[in-house]
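**Q** this is the structure alone, sequence omitted:
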C-alpha cells in the first residue's frame, strides 16, 4: 500500500467499522517552512539549533561573590582575580559560580531533549537554579518536524549503551525509508484526529514522539552548566547530545574566557 493512500484507507476503515459519520477532511502534506535561525545561534541535528539568549553576570561577579566572605570587592577583573578564579576551579569551590546564570533556546529532537532534561534534573545537587519551559501540543498545532539520522549506527558489542560502527548502506537506506513511512502515517493519523475535533492533547498521541523536534528555554547557573558539559561532552555520551553539548560549549566559552581557558588547560573539555 502506498503511503499516500494510507489516510484514505484509515478514513474508510473507521467509517465502516464504527458506523460513524466522519468529516471528510483528507490529509494534505504541507511543505514545511523552516524558520531562519538568528545568526548567533548554532545549527545542529538537521533542523535543530541552540542559541544563547541571555547571560547574567561575568567572571568579576564570580570572584566578588567569593571575596564577600572577607568583605572585599574588586572593581575590575585583573591578574589577582584570575588567580582566585583558577583556585576556585581547581579546588572545586563552585558556589560562587552559581551567581552567574545563562539562558538558552533549544530546538532538538525529543530524544535529545529528554536526555538533556535528565541531566538538568541531576544537576540540582550542585544547582537549584534550573529553569525549563517547553512548547506544548496542548496549545500549539504547528506542523510537526521530525529528525531522520544521516547514518544508522550498530549496537556496541560489549556494552548496554552507546553505539558501534555505522551499518552498511543498503540496510541504512531500508531503515531510513521505513522511518519516513512511519512518520508520515503518524502525521496522517494526527491530522485525521484533529480534523474530527479530537482534543489536541490527545491527538498528539498519534505523532511518533522521539524524533519530533521540541522547542524549549533552559536557564541554569554556570556551576550547573559545567556539570552538564562534563557529563555530556564525554565520549561515552550519545552522539546527538554530544553535538548539543559541543554547541553550548562554543556559545558560552567566549563569555567566560578564563573559566574555559582553565578547563582547557586542565583537560576538563573532552
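**A** That came through, no problem. Note that the coordinates shown come from a computational prediction; the quantities given were computed from them, not determined experimentally.
**Q** helix, strand, or coil at residue 148?
**A** coil (DSSP: H, G, I helix; E, B strand; the rest coil).
**Q** surely it is in contact with residue 175?
**A** No: the criterion here is Cβ atoms under 8 Å, and residue 148 misses it with residue 175 at 9.7 Å. Just so you know, the C-beta spots here come from the backbone N, C-alpha and C atoms, and that holds for glycine as well.
**Q** shaky segments in this structure?
**A** Scanning the chain for pLDDT under 70 picks out 1-35, 119-142, 158-162, 268-270.
**Q** can you show me the helices along the stretch 1-150 of the chain?
**A** 6-18, 59-67, 79-91, 110-122 (DSSP state H, counting those that start in this stretch).
**Q** could you say what helices and strands the second one packs with?
**A** Read that as helix 59-67. Under the contact criterion of 3 or more Cβ pairs under 8 Å, 6 or more residues apart in numbering; DSSP states H and E, helix 59-67 touches helix 79-91, helix 257-265.
**Q** what about 10 Å?
**A** Secondary-structure packing of helix 59-67 (3 or more Cβ pairs under 10 Å, 6 or more residues apart in numbering; DSSP states H and E): helix 79-91, helix 222-232, helix 257-265.
**Q** now do the buried residues in the second one.
**A** Along helix 222-232, the positions that meet the burial threshold by neighbour count (16 or more other Cβ atoms under 10 Å) are 222, 223, 224, 225, 226, 227, 228, 229, 231, 232.
**Q** next one: the first one
**A** Burial within helix 79-91, assessed by neighbour count using 16+ other Cβ under 10 Å, is assigned to 81, 82, 84, 85, 86, 88, 89.
**Q** out of these, who's nearest residue 182?
**A** residue 89 (46.8 Å; Cβ to Cβ).
**Q** that closest one: what's it in contact with?
**A** The contact partners of residue 89, taken as Cβ atoms under 10 Å, 6 or more residues apart in numbering, are 62, 97, 226, 258, 259, 262, 263, 266, 268.
**Q** how many other residues sit next to the second one?
**A** Residue 97 is flanked by 28 other residues according to other Cβ atoms under 10 Å.
**Q** ok, it to residue 192 distance?
**A** Residue 97 is 50 Å from residue 192, where distance means Cβ to Cβ, to the nearest Å.
**Q** and if you look at the fourth one?
**A** Distance of residue 258 to residue 192, given as Cβ to Cβ: 56 Å.
**Q** these two: which has the busier surroundings?
**A** residue 192 (22 against 16).
**Q** mind giving me the packing neighbours of the one helix or strand the more buried one maps to?
**A** In this assignment (DSSP states H and E), residue 192 forms part of helix 169-195. On a contact count with 3+ Cβ pairs under 10 Å, 6+ apart, helix 169-195 meets helix 6-18, helix 200-203.
**Q** what are the buried residues along that helix?
**A** Here helix 169-195 shows 172, 179, 183-195 as buried, counting by 16+ other Cβ under 10 Å.
**Q** next: stretch 209-221.
**A** Quick answer for stretch 209-221 (16+ other Cβ under 10 Å): 209, 211, 212, 213, 214, 215, 216, 218, 219, 220, 221.
**Q** whichever strand or helix holds the fifth one packs against which elements?
**A** Following DSSP H and E, one finds residue 214 within strand 213-221. Counting by 3+ Cβ pairs under 10 Å, 6+ apart, the packing neighbours recorded for strand 213-221 are strand 48-56, strand 101-109, helix 110-122, strand 131-134, helix 222-232.
**Q** how far does it sit from its chain's centre?
**A** Put simply, strand 213-221 sits 7 Å off its chain's centre (Cα atoms, centre = their mean, to the nearest Å).
**Q** verify the stated contact: residue 72 with residue 65.
**A** No: applying Cβ atoms under 10 Å, one finds residue 72 not in contact with residue 65, separated by 11.3 Å.
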